[in-house]
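K.L.:
Got a sequence here, can you model it:
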Amino acid sequence: MGQRTKSFSAGSGPNPPKEPLPLTLKVMRLSRPSFDLATPLLVEPDNISFAARDGELPSPNISNVQSAFALSSALALPRSFGAIHQGESFCSYISLYNHTAIELSNVILKAELQTKGARKVLLDLGQAGAIIRFSPGDRHDFVVKQQVVEASSHILVCSVMYSRGVERKSFRKFFKFTVNDPFEWKKRIAWNKKTGHLEFQLKNLTKYPLFLDEVRLSSSTYSVQTLTPPKLPDETESHSVIYPEGVRKFLFRLESKGKPTSNKRRTSKAEPATGAIASAGASATVDDIDYGADVQVEEPVPVVPGSPGGGSGTGLGASGGGGGQDGAGRGAVLGKMIISWKSAFGEPGTRVIPLGHEPPPSPEVEIELVDFPEEIVLERPFEVTCLVWNRSTKAVMPLLQLLPDKMTNVLVAGIHAGIKMEEIAPNSWRGQSLTLIAVKSGIQKITGVRVVDARSGRAFDFPGMEVLVFDGDAVAE
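P.N.:
This is a model prediction of the structure:
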């Protein structure tokens, strides 16, 4: 397989020498070729030869097939530096040439790759061994390779030191290029007791198709089971090809390795531990998920160090996806998403994305939904218990409201203008049974529950929680 070198811009050091340099430094990027496209010659039906009109059409051969797809028999060599993406390997060709009639000695070449926060030495002849004699007309070539793991501006710094007689001299050149992110990713998560389902979405931001070798979640806190999405009609293998601007979704089942987290209603009015509200859902197989549904997902957030889930009221929160802010101390680490792919001519790439989750802060009046059924089935009413917690220092007179205009794919069954509840003392709770119905399968979000304090007039909205809804046909089978 042929390769072609591509030059990229260079800048001189801060103090360029006044006299011409005896050494010529050339730096080029090594990349793979691409298929050469030739514009096909379109022929109108009236211009077909007489032989073709009589039914003697030309037999299909390789040349005809290539013409039909605008492919020639040659490969196109790159004409510019091109694009490079995070997770791919940067490969560069460095050449030193003595274009003078003077012999140089003790020549040392050092190549470093710099970003805003890191510096990586790619080549150092000072340690590997200097070039003792560099005769006129000689050339020394080197190839360096390094995986780029940061989507930002990179600078390849090449430093050359040499001796000209008894005089020691040096110069440097800088080559700048930008590394882009190949994917846009989003996630959402639904929990039921100690079991959760994570939906991970990838969007191809490159200008060419990517062949996904692996999308895997690695976690030290949770046992992970990959639920492979069903094959599309045009897929013949388990591997996926994601085209430019294309989107792929992946589903993972998580099970806590620690103490199980229950979402059953508490029987004591003692003050509970503050933290996240556990979400609900059900265990599922891949056939139970509606992959064609439109999904509202949260933007990616950084990992926050903190204690993983375990115990009632702690761990991963109700709202899917996301993480916390640095220093919050309440975030939970899900694990790392490992993505491996191949681009044109099998060029490999690997990306590791840390995933975290941060539960929302606890308000003065907190709304919690518990006592979910084992399976939530599409268009089948189910009952839950709504717990209203008073975490303030004053008693509240709650009015529970269900807002149809705030609900999406999980609605209230029946008509509810409002439910008056008894007074709740500080650090206590009261429960109210509700009947809901899901109108769409997949991971759906419950919203539209509000509590209004009749005394102060303050309103407290339920932040929402995600549940897993089964298709009725899949459950029946």
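
K.L.:
Please count neighbours and contacts with C-alpha atoms only from this point.
P.N.:
Will do.

K.L.:
And N390, how close does it get to D461?
P.N.:
The span separating N390 from D461 equals 14 Å under the rule CA to CA, to the nearest Å.

K.L.:
Which one's more surrounded, these two?
P.N.:
N390 (25 against 16; other CA atoms under 10 Å).

K.L.:
Just give the closest residue to the more buried one, not the sequence neighbours.
P.N.:
Closest residue to N390 apart from its sequence neighbours, by CA to CA, 6 or more residues apart in numbering: V365 at 4.8 Å.

K.L.:
Might you report the residue contacts of the one you found?
P.N.:
Contacts here follow CA atoms under 8 Å, 6 or more residues apart in numbering; on that basis V365 touches V388, W389, N390, R391, S392, F460.

K.L.:
Mind putting the residues you listed into TSV with secondary structure, distance to S34 and pLDDT?
P.N.:
Converted to TSV, the contacts of V365 look like this (DSSP: H, G, I helix; E, B strand; the rest coil; distance: CA to CA, whole Å; pLDDT from 0 to 100):
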residue	secondary structure	distance to S34	pLDDT
V388	strand	62	93
W389	strand	63	90
N390	strand	65	91
R391	coil	64	86
S392	coil	66	86
F460	strand	58	90
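
K.L.:
are any of those residues buried, and which?
P.N.:
Of all the contacts of V365 considered here, the ones buried according to neighbour count by 16 or more other CA atoms under 10 Å are V388, W389, N390, R391, F460.

K.L.:
Can I get those residues in a markdown table including distance to M397?
P.N.:
Output for the buried ones among the contacts of V365, formatted as a markdown table (distance: CA to CA, whole Å):
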| residue | distance to M397 |
| --- | --- |
| V388 | 11 |
| W389 | 12 |
| N390 | 10 |
| R391 | 13 |
| F460 | 12 |
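
K.L.:
Just give me the closest of these to V160.
P.N.:
Proximity of these to V160 was ranked by CA to CA; the top entry is F460 with 66.7 Å.

K.L.:
Sheet partners, orientation included, of the lengthiest strand in the chain?
P.N.:
Longest strand in the chain, counting residues (DSSP state E): strand 167-180. Sheet partners assigned to strand 167-180 using DSSP bridges are listed as strand 10-12 (antiparallel), strand 84-85 (parallel), strand 153-164 (antiparallel).

K.L.:
what's next to the shortest one, contact-wise?
P.N.:
Contact partners of strand 84-85, identified using CA under 8 Å, 6+ apart, comprise F90, V148, A151, T178, V179, N180, D181, P182.

K.L.:
all helices for the protein, in order.
P.N.:
In chain order, the chain shows helices spanning 50-53, 62-68, 125-128, 472-476, with DSSP state H as the criterion.

K.L.:
shaky segments in the stretch 251-400 of the chain?
P.N.:
The model of the stretch 251-400 of the chain has pLDDT under 70 over residues 258-331, 358-362.

K.L.:
Double-check V469 against E374; I have them as touching.
P.N.:
No. Counting by CA atoms under 8 Å, E374 is not a contact partner of V469; they are 10.7 Å apart.

K.L.:
Look at these two and report which has more neighbours.
P.N.:
Neighbours per residue, other CA under 10 Å: of V469 and E374, the larger number sits with V469, 29 against 11.

K.L.:
related to what we said a few turns ago, with mean neighbour count added, can I get the strands paired with strand 167-180 in a markdown table?
P.N.:
Listed next are the strands paired with strand 167-180 as a markdown table, based on neighbours: other CA atoms under 10 Å:
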| stretch | mean neighbour count |
| --- | --- |
| strand 10-12 | 13 |
| strand 84-85 | 21 |
| strand 153-164 | 19 |
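
K.L.:
And these: which comes nearest W341?
P.N.:
Taking CA to CA as the criterion, W341 comes closest to strand 84-85 out of the strands paired with strand 167-180, the separation being 11.7 Å.

K.L.:
Share the number of residues neighbouring the nearest residue to E150 once chain neighbours are set aside, please.
P.N.:
For E150, ignoring the flanking residues on the chain, the nearest one in space by CA to CA, 6+ apart is Q86 at 5.8 Å. Around Q86 there are 22 other residues, counting by other CA under 10 Å.

K.L.:
Kindly report the same for the one 4 residues further on.
P.N.:
By other CA under 10 Å, the residues close to F90 number 18.

K.L.:
going forward, begin numbering at 3 instead of 1
P.N.:
Got it, first residue is 3 now, which makes that one F92.

K.L.:
any idea how far it is from R255?
P.N.:
35 Å.

K.L.:
before we move on, back to that, which pair in the buried ones among the contacts of V367 has the greatest spatial separation?
P.N.:
In those, two members sit farther apart than any others by CA to CA. They are R393 and F462, at 12.3 Å.

K.L.:
overlap in contacts of those two?
P.N.:
Listed as contacting both R393 and F462 by CA under 8 Å, 6+ apart are V367, E368.

K.L.:
which regions of the stretch 53-202 of the chain lie under the pLDDT threshold?
P.N.:
When residues are selected by pLDDT under 70, those of the stretch 53-202 of the chain lie in 53-75, 129-130, 194-196.

K.L.:
how about 80 then?
P.N.:
The stretch 53-202 of the chain contains residues with pLDDT under 80 at 53-82, 129-130, 192-197.

K.L.:
Show me where it has its strands.
P.N.:
With DSSP state E, counting those that start in this stretch as the criterion, the stretch 53-202 of the chain has strands at 73-78, 86-87, 91-100, 106-116, 121-126, 133-136, 141-149, 155-166, 169-182, 185-194, 197-206.

K.L.:
right, so of the ones you listed, which gets closest to L402?
P.N.:
Each of the strands of the stretch 53-202 of the chain was checked against L402 via CA to CA, and the shortest separation belongs to strand 185-194, namely 24.1 Å.

K.L.:
According to the record, where do the domains of this protein fall?
P.N.:
In the domain annotation for the chain, the residue ranges read 6-35+82-182, 36-78, 185-359, 367-478 (automatic domain parsing).

K.L.:
Around G358, how many other residues sit close by?
P.N.:
For G358, the count of nearby residues is 24 (other CA under 10 Å).

K.L.:
Pairing partners for Y224 in the sheet, please.
P.N.:
If you apply DSSP bridges, the partners that Y224 bridges to are S258.

K.L.:
and it, what does it touch?
P.N.:
With contacts defined as CA under 8 Å, 6+ apart, the neighbours of Y224 are L256, E257, S258, K259, L336.

K.L.:
what's the spacing between the residue lying closest to S221 once chain neighbours are set aside and L470?
P.N.:
Leaving aside its sequence neighbours, S221 sits nearest to G337 (CA to CA, 6+ apart; 4.2 Å). Taking CA to CA as the measure, G337 falls 21 Å from L470.

K.L.:
Pick out whichever of those two has more residues nearby.
P.N.:
Between G337 and L470, counted using other CA under 10 Å, L470 has the larger neighbour count: 30 against 18.

K.L.:
For that one, give its distance to G351.
P.N.:
33 Å.

K.L.:
contacting residues around the residue lying closest to V162 once chain neighbours are set aside?
P.N.:
When the adjacent residues along the chain are set aside, V162 lies closest to L111, with 4.7 Å between them (CA to CA, 6+ apart). Neighbour list for L111: L125, D126, L127, G128, A132, C160, S161, V162, M163 [criterion: CA under 8 Å, 6+ apart].
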